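Visitor: What follows is a predicted structure for the sequence shown.
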Amino acid sequence: MSKVLNDEGWNLLFREARTHNTWLDVPVDDGLLRQAYDLAKMGPTSANMCPMRVVFVKSNEAKEKLKPALDAGNVDKTMRAPVTAIIGMDIHFYEKLPVLYPHADAKAWFKDLPEIVLEYTALRNSSLQGAYFMLAARSLGLDCGPMSGFNNQKVDAAFFAGTTVKSNFLCNLGHGDPSKLHPRNPRLGFDEACKVL
Ligand SMILES: Cc1cc2nc3c(=O)[nH]c(=O)nc-3n(C[C@H](O)[C@H](O)[C@H](O)COP(=O)(O)O)c2cc1C
């Protein structure tokens, strides 16, 4: 069996995958969200810390709770999306390390670090996991609409009060309406963004 993806796979994940703002009225089954998480969780994180925690906002009640935290430009698209994933991060991710990284005392490496260091460590790794999640969702035929235009404190108060989880970014999920997409913006070419030394 070939160990590389083919054009169809690259198109699905990258070349033809777009950020969607308009959603078709097609529901997203919870089983698909579970499948996307089960693929995404296999992506690598520092010391296998897996800090990402996800809340899938689906019900009207949960959407109303999210609405006041959204920037004005993100309200309509989010209210119309079948699902909005709140990609969160557990700042005290080290509590799970005895299970996730059992061959060393990895908890000791992190637990006494200043909160700011824990936070940027969780941010780096949960952002990676959020990206793995978007690629996993795309590989299952879902479209994504990631957003950072929201008030993190409000989301944390509404969804993560009394926990050590904080919000990182939001991601609308569903089946996008391709007829509503604007033309793709350019990307930096290899020679603009990369160097081989
Ligand atoms: C972390 C992140 C935050 C974003 N925040 C917003 C946002 O708040 N509102 C919005 O309309 N689009 C937002 N976007 C969408 C980007 O503008 C979009 O992904 C980018 O222009 C690429 O579009 P394309 O995938 O269709 O090529 C965000 C994307 C990412 C990855």
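Guide: Yep, that arrived. Here the structure is a predicted model, which means the values were calculated and not measured.

Visitor: Which parts of the protein are strands?
Guide: Secondary structure of the chain (DSSP state E): strands at 52-57, 83-90, 143-147, 165-174.

Visitor: Rebuild those strands as CSV, extending it with mean pLDDT.
Guide: Below are the strands of the chain laid out as CSV (pLDDT from 0 to 100):
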stretch, mean pLDDT
strand 52-57, 99
strand 83-90, 99
strand 143-147, 98
strand 165-174, 98
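
Visitor: Distance to the ligand and mean neighbour count added to the ones you listed, as CSV?
Guide: In short, each C-beta sits where N, CA and C put it, glycine included. Output for the strands of the chain, formatted as CSV (distance: least, CB to the nearest ligand atom, whole Å; neighbours: other CB atoms under 10 Å):
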stretch, distance to the ligand, mean neighbour count
strand 52-57, 14, 21
strand 83-90, 9, 24
strand 143-147, 4, 20
strand 165-174, 5, 24
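
Visitor: Make a markdown table out of those and add distance to Ala193.
Guide: Formatted as a markdown table, the strands of the chain follow (distance: least, CB to CB, whole Å):
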| stretch | distance to Ala193 |
| --- | --- |
| strand 52-57 | 26 |
| strand 83-90 | 25 |
| strand 143-147 | 20 |
| strand 165-174 | 22 |
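
Visitor: confidence score at Ser2?
Guide: If you check Ser2, the pLDDT there is 66.

Visitor: out of the strands of the chain, nearest to Gly130?
Guide: Ranking these by proximity to Gly130 (CB to CB) places strand 83-90 first, at 4.1 Å.

Visitor: I'd like to know which elements that closest one is packed against.
Guide: Applying 3 or more CB pairs under 8 Å, 6 or more residues apart in numbering; DSSP states H and E, we find strand 83-90 packed against strand 52-57, helix 60-66, helix 115-139, helix 152-159, strand 165-174.
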